[in-house]
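K.L.:
coordinates only, sequence not included:
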Ligand code: ADP
Ligand code: MG
């Protein structure tokens, strides 16, 4: 795995531990080996875009990072703390990892504001008034403060996805994982979500982003990780990856999507 990009993370702190550390991670679904000896560090403040063909294990990697999927061997640590298997310790660590999916997964019968306040009140034990204050500020930040009292179905897809981002941020996560956050959106709504993500990246959030949006990768990523068949095949800067991919599999992939 290349370490060139690790040498100059623009916003990294002097902290020793990477925000995400994966060591020798293997994952099987039955006989299917879907993550093969995954080794990856994401330092604080870095934005890593994960690319790869469908079925290469990108979603499974995201889900393994906050233990929505158990792994068969290896270790995943968040901010230096290995992920516990279950229980309260797992809930606490998971709260440090915000996740945004392709499908927005908002609670349909709660308002946008309630969607954003629920986690902090239940999991972080913050007061109702503090949760509302934080949520209002976050909705402002993602540009949908005026939608706070509506229900998800009353919002456009782009607005719903920005609400989902606000909901994840309300937990004050250390890391944000995005799994194809714009893939389910109508084309005219993609940019508003990417803009929100770019702002977050510029503010120094540590992010792992599975996306096919190459403009975002070029603009916001410090590193591109290319996966194929459950393996990390390349790990380089966006410039290196897009201008001179090393593997045949990456060349083939880029040939199909660019
Ligand atoms: P990607 O996100 O890169 O498209 P996934 O991580 O979703 O890839 O899937 C990797 C492989 O694991 C695929 O072959 C997929 O069919 C398989 N897979 C994913 N989830 C499951 C599951 N819950 N049970 C069995 N196989 C799965
Ligand atoms: Mg996927």
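P.N.:
Structure received. Keep in mind that this is a model prediction, so the values were computed, not measured. Ligands and ions are numbered 1, 2, ... in the order given.
K.L.:
quick one, strands of this protein?
P.N.:
Using DSSP state E, the strands of the chain run over 20-29, 32-42, 47-51, 73-78, 81-82, 97-100, 175-179, 206-210, 223-228, 231-236.
K.L.:
Switch those strands over to JSON lines; also include distance to ligand 1.
P.N.:
(C-beta placed from N, C-alpha, C; glycine too.) Formatted as JSON lines, those follow (distance: least, Cβ to the nearest ligand atom, whole Å):
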{"stretch": "strand 20-29", "distance to ligand 1": "3"}
{"stretch": "strand 32-42", "distance to ligand 1": "4"}
{"stretch": "strand 47-51", "distance to ligand 1": "8"}
{"stretch": "strand 73-78", "distance to ligand 1": "15"}
{"stretch": "strand 81-82", "distance to ligand 1": "22"}
{"stretch": "strand 97-100", "distance to ligand 1": "14"}
{"stretch": "strand 175-179", "distance to ligand 1": "7"}
{"stretch": "strand 206-210", "distance to ligand 1": "7"}
{"stretch": "strand 223-228", "distance to ligand 1": "7"}
{"stretch": "strand 231-236", "distance to ligand 1": "12"}
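K.L.:
Out of those, name the one with the poorest average pLDDT.
P.N.:
Of all the strands of the chain, strand 81-82 carries the lowest average pLDDT, namely a mean of 89.
K.L.:
pretty sure residue 181 contacts residue 161?
P.N.:
Yes - the criterion here is Cβ atoms under 8 Å, and residue 181 meets it with residue 161 at 6.0 Å.
K.L.:
Quick one: the helices in the stretch 51-200 of the chain, in order.
P.N.:
Taking DSSP state H, counting those that start in this stretch as the test, the helices found in the stretch 51-200 of the chain are 58-65, 87-95, 112-122, 128-141, 157-170, 187-202.
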